[in-house]
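In: My questions concern the predicted model and sequence given below.
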Amino acid sequence: MTGLLEGKRVCVTGASAGIGRAVAIGCARHGADVAVNFGSDRQGADSAVAEIEALGRKGVAIQGDVAEPESATRFIDGAVAELGGVDIFVNNAGICPFHSFLDMPTEVFERTMRVNMHGAYFMVQAAANQMVKQGDGGSIIAMSSISALVGGEFQTHYTPTKAGVLSLMQSTAVALGKHGIRCNALLPGTILTDINKDDLADGEKREYMERRVPLGRLGRPEDMVGPTVFLASDELAGYVTGAALLVDGGMFVNLQ
Ligand SMILES: NC(=O)C1=CN([C@@H]2O[C@H](COP(=O)(O)OP(=O)(O)OC[C@H]3O[C@@H](n4cnc5c(N)ncnc54)[C@H](OP(=O)(O)O)[C@@H]3O)[C@@H](O)[C@H]2O)C=CC1
Ligand SMILES: C[C@H](O)[C@@H]1OC(=O)[C@H](O)[C@@H]1O
């Protein structure tokens, strides 16, 4: 299926790698022009833009550390300058520096909060202001996690940010409904990317995680494209807002 996002202008944070990159290219495959935010990996962002352009769509890479509130207006203003507006915003950038709880360094805790939570807040706010100005509604999607619902021994600083991002989508759905802006959260399970490469380098842990998934495999970044396009599309999800969609191969419901 193609063309669900024909003529739409999409912004994706953290799109130089992993889920964000796959989603940015997937949106272009469905007809959208795409602005790609990245923190440090310019090569990754440029190669995502090259793939978007190879699909015949406009692409632009805009650097900005999402932990800095001013990156948000810079990203949205840059996207408006290059693409003419913003119809769909995907808040995806995130980090998960695995660490034990009792000796969590303050700076690891604070950085994780700033990137994942503060970054989401100011980015979503900037995107929403632009959509309100355009006056034609919009769709905001945030990459939360199965970790919004369950804990992790080495993720005590991370899981609260994912619960926070889910909560942000619930409250912004309420705040922005009157503007025709839909806000929804995606909750990926374990998707194989750089964020968990070291953690899953342990073969035993990886096999254990695989066994927990009823569909029999860990996720791939491309698994997040269809659910993102669904929530982005007014045709498919025009009456969906404040929702949370697990994309985890069934991991969450697998108690035993
Ligand atoms: N993989 C998984 O199993 C799961 C992931 N998620 C969530 O999905 C999102 C994407 O994760 P994933 O693709 O796995 O991770 P990756 O590490 O593969 O990619 C992370 C992306 O975020 C960007 N990024 C990181 N920090 C910043 C920053 N300060 N400013 C701007 N961009 C930044 C990186 O860009 P750069 O290197 O250029 O800075 C990169 O493009 C995250 O929010 C994560 O919490 C949720 C559930 C499961
Ligand atoms: C980084 C982890 O592997 C990944 O991140 C999440 O949000 C998932 O719950 C996994 O724990």
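Out: Good, I have the coordinates. Ligands and ions are numbered 1, 2, ... in the order given.
In: Next, name the residue at the spatial heart of the protein.
Out: With distances taken as CA atoms, centre = their mean, Asn92 lies nearest the centre of the chain, 2.3 Å away.
In: contacting residues around the nearest residue to it once chain neighbours are set aside?
Out: Spatial nearest neighbour of Asn92, excluding adjacent residues (CB to CB, 6 or more residues apart in numbering): Gly20 at 4.0 Å. All C-beta atoms are positioned from the backbone trio N, CA, C, and that covers glycine. Going by CB atoms under 8 Å, 6 or more residues apart in numbering, Gly20 touches Val12, Thr13, Gly14, Val36, Val90, Asn92, Ala93, Met143.
In: so how far is Val225 from Ala22?
Out: To Val225, Ala22 is 6 Å away according to CB to CB, to the nearest Å.
In: With neighbour numbers in mind, choose between the two.
Out: Higher neighbour count among Ala22 and Val225: Ala22, with 23 against 19, using other CB atoms under 10 Å.
In: Could you list the contact residues of the chain toward ligand 1?
Out: 13-20, 37-41, 65-67, 92-96, 115, 143, 145, 188, 190-191, 193-196 (CB under 6 Å from any ligand atom).
In: burial of the residue lying closest to Tyr158 once chain neighbours are set aside, as a residue count?
Out: Closest residue to Tyr158 apart from its sequence neighbours, by CB to CB, 6+ apart: Cys96 at 4.7 Å. Other residues within reach of Cys96, judged by other CB under 10 Å, total 21.
In: So Cys96: helix, strand or coil?
Out: The three-state label given to Cys96 by DSSP: H, G, I helix; E, B strand; the rest coil is coil.
In: Would you quantify the distance from the closest residue in space to Arg217 that isn't next to it in sequence to Lys197?
Out: What sits nearest to Arg217 in space, not counting adjacent residues and going by CB to CB, 6+ apart, is Glu210, at 6.4 Å. Distance, Glu210 to Lys197, using CB to CB: 15 Å.
In: Neighbour count: the two, which is higher?
Out: Higher neighbour count among Glu210 and Lys197: Glu210, with 15 against 10, using other CB under 10 Å.
In: The strand or helix carrying the more buried one and ligand 2 in contact?
Out: Using DSSP states H and E, Glu210 sits in helix 203-211. No. Helix 203-211 does not reach ligand 2 (CB under 6 Å from any ligand atom); its nearest approach is 8.2 Å.
In: quick one: contacts of the next helix or strand after that helix?
Out: Counting by DSSP H and E, the next helix or strand C-terminal to helix 203-211 is helix 225-232. With contacts defined as CB under 8 Å, 6+ apart, helix 225-232 is touched by 4-5, 8, 10, 22-23, 26-27, 29-30, 88, 90, 139, 141, 182, 184, 186, 236-237, 240, 243, 245, 247.
In: Equivalent analysis for stretch 169-179, please.
Out: 124, 128, 131-132, 137-138, 140, 142, 144, 181-185, 241-242, 244.
In: One more pass at 7 Å, please.
Out: 124, 128, 131-132, 137, 140, 142, 182-185, 241-242 (CB atoms under 7 Å, 6 or more residues apart in numbering).
In: quick revisit: how near is the residue nearest to Tyr158 to His157?
Out: Plainly put, Cys96 is 9 Å away from His157 if you go by CB to CB.
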